[in-house]
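[1] okay, predicted coordinates and the sequence, questions at the end:
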Amino acid sequence: MASGSEILESETGEVRAAHRFDVGALADYMRDHVPGFRGPLSVRQFKGGQSNPTFLLAAASGRYVMRKKPPGKLLASAHQVDREYRVIRALAATDVPVARVHALCTDDAVIGSAFYVMDCVEGRIFRDPQLPGCSPRERAAIYDEMNDVMARFHRVDYEAVGLGDFGRPRNYIARQIARWAKQYEAAQTDEVEAMRNLIAWLPAHVPPGDETCIVHGDFRLENSIYHPTAPRMLALLDWELATLGHPLADLAYNCLLYHMNSPTQGTLAGVDLAALGIPTEEAYVAAYCRRTGRPGVEHWSFYLAFSLFRLAAIAQGVYKRGLDGNASSEQAMMYGAICQLLAALAWEIVEKGAARS
């Protein structure tokens, strides 16, 4: 666990060769479009971020963060930084913690691809879900805050904040299955039997009933910044996959670490949660249900399998970009194996759920 300026130093490095751009052109743009901006401007690249490259911008007027599309040929409907910008800007008027955005540039001629600039929010980023260095009481409060933030943006009246056309309000799960199956097949490099099984099984078993809210799409502890000393979220990050969708997709995705050991995120599986002060999956889901007025969750294994399938398809896309040489992270080449592991776990959950029913 790190905080403040230490995070910015430890988690950024020189801009990688494939992602270099004209810093002078960016400075000129910011001078015209970011209120109060004063140069000179220096740029470092965040080491994480598997999709849209993210950069720390340091200037005389302060620190900013820029997110841009990656270089190279991109999959259709991916890397839409304009959508990220739009949802963050819309949520600024709500009780959902987001960074302040300053400008969106869709003119590729400026630095080679679309980008947006927002405030740099300094605080704690928790990479390990077991929260080493925190007390049991602190861990409980941090997880409770994460749960509360999720409930908050799921309760936002998306039409009132100008996001009525941010996505289609019906059949989110079915459309997502079709989308990620298509994305997976476009990026496929090897035959993965579990993915084939999921692509066939999931569309035929979508639970009845439908709901619509703003969904984040990648809601997890690591995608947030907490206050340096208090268990309070200052900013929820990485809204690239946000749309209008089903709230249980976010909830199940947020609970995946109870079921898997991620090579990049860690795990809550097999951990003495009571000793750590971290809620069980059942308690965490129950807290969300209380906050959103939901009596409970049916078909939980479906939502978990769906979330793992979607994540596996994303991992395959990262791996393919690594093979093509335009990935946002140097760790991209491990994602082929991650895709296979996620798909296998999803199919195992499906089979276990079928055995119980």
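    Yep, it's here.

[2] bridge partners for residue 41, pull those for me.
    residue 59 (DSSP bridges).

[3] my read: it touches residue 55, true?
    No: distance between residue 41 and residue 55: 10.6 Å, which falls outside the contact criterion (Cβ atoms under 8 Å). Where C-beta positions appear, they are placed from N, C-alpha and C, glycine not excepted.

[4] so, low pLDDT: which residues of the chain?
    For the chain, the stretches with pLDDT under 70 are 1-7, 48-50, 72-79, 327-330, 354-357.

[5] can you list the domains in it?
    What automatic domain parsing lists as the domains of the chain is 4-119, 136-356.

[6] reformat those as TSV; add mean neighbour count and distance to residue 127.
    Listed next are these as TSV, based on neighbours: other Cβ atoms under 10 Å; distance: least, Cβ to Cβ, whole Å:
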stretch	mean neighbour count	distance to residue 127
domain 4-119	17	9
domain 136-356	18	6
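
[7] would you reformat these as a markdown table and include distance to residue 128?
    What follows is these, written out as a markdown table (distance: least, Cβ to Cβ, whole Å):
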| stretch | distance to residue 128 |
| --- | --- |
| domain 4-119 | 14 |
| domain 136-356 | 5 |
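
[8] which one, of the ones you listed, ends up nearest to residue 126?
    domain 136-356 (5.2 Å; Cβ to Cβ).

[9] from the chain's centre, how far out does that closest one sit?
    9 Å (Cα atoms, centre = their mean, to the nearest Å).

[10] phi, psi of residue 101?
    For residue 101, the backbone dihedrals (degrees, to the nearest 10) come out as phi -100, psi 150.

[11] residues contacting it?
    85, 88, 89, 92, 116, 117, 118, 119 (Cβ atoms under 8 Å, 6 or more residues apart in numbering).

[12] now it: closest residue in space that isn't a chain neighbour?
    Leaving aside its sequence neighbours, residue 101 sits nearest to residue 118 (Cβ to Cβ, 6 or more residues apart in numbering; 4.4 Å).

[13] same thing with residue 63?
    Going by Cβ to Cβ, 6+ apart, residue 63 has residue 120 as its nearest residue, at 3.8 Å.

[14] near the one you found, how many other residues are there?
    Residues near residue 120, counting by other Cβ atoms under 10 Å, number 17.

[15] now the phi/psi pair for it, please.
    According to degrees, to the nearest 10, residue 120 has phi -90, psi 110.

[16] do residue 54 as well
    Backbone phi and psi, for residue 54 under degrees, to the nearest 10, turn out to be phi -120, psi 140.

[17] wait, residue 71 touches residue 108, no?
    No: Residue 71 is beyond contact range of residue 108, at 10.6 Å (criterion: Cβ under 8 Å).

[18] if we can go back for a sec, isn't the residue nearest to residue 63 up against residue 66?
    No: using Cβ under 8 Å, residue 120 makes no contact with residue 66, being 9.8 Å away.

[19] can you dump the C-alpha atoms of stretch 271-284 in PDB for me?
    Coordinates of the C-alpha atoms in stretch 271-284 are reproduced here as PDB (Å, rounded to 0.1, in the frame of the first residue of the first chain):
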ATOM      1  CA  VAL A 271      -8.600 -16.600   3.200                       C
ATOM      2  CA  ASP A 272      -9.500 -16.200   6.900                       C
ATOM      3  CA  LEU A 273     -11.800 -13.300   6.200                       C
ATOM      4  CA  ALA A 274     -13.100 -13.000   9.800                       C
ATOM      5  CA  ALA A 275      -9.500 -12.500  11.100                       C
ATOM      6  CA  LEU A 276      -8.800  -9.900   8.500                       C
ATOM      7  CA  GLY A 277     -12.100  -8.000   9.000                       C
ATOM      8  CA  ILE A 278     -13.100  -8.400   5.400                       C
ATOM      9  CA  PRO A 279     -16.800  -9.400   4.800                       C
ATOM     10  CA  THR A 280     -17.700 -12.700   3.400                       C
ATOM     11  CA  GLU A 281     -19.200 -12.800  -0.100                       C
ATOM     12  CA  GLU A 282     -22.600 -13.500   1.400                       C
ATOM     13  CA  ALA A 283     -22.300 -10.500   3.800                       C
ATOM     14  CA  TYR A 284     -21.000  -8.200   1.000                       C
END
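
[20] for it, which outside residues touch it?
    129-131, 135-140, 143-144, 147, 255, 258, 268, 287.

[21] from those, which two are the most distant?
    The distance between the two most remote of those (Cβ to Cβ) is 23.1 Å, for 135 and 255.

[22] which SSE is the nearest residue to residue 300 once chain neighbours are set aside in?
    Of all residues not flanking residue 300 in the chain, residue 252 sits nearest, at 7.2 Å (Cβ to Cβ, 6+ apart). Here residue 252 sits within helix 247-254, counting by DSSP states H and E.
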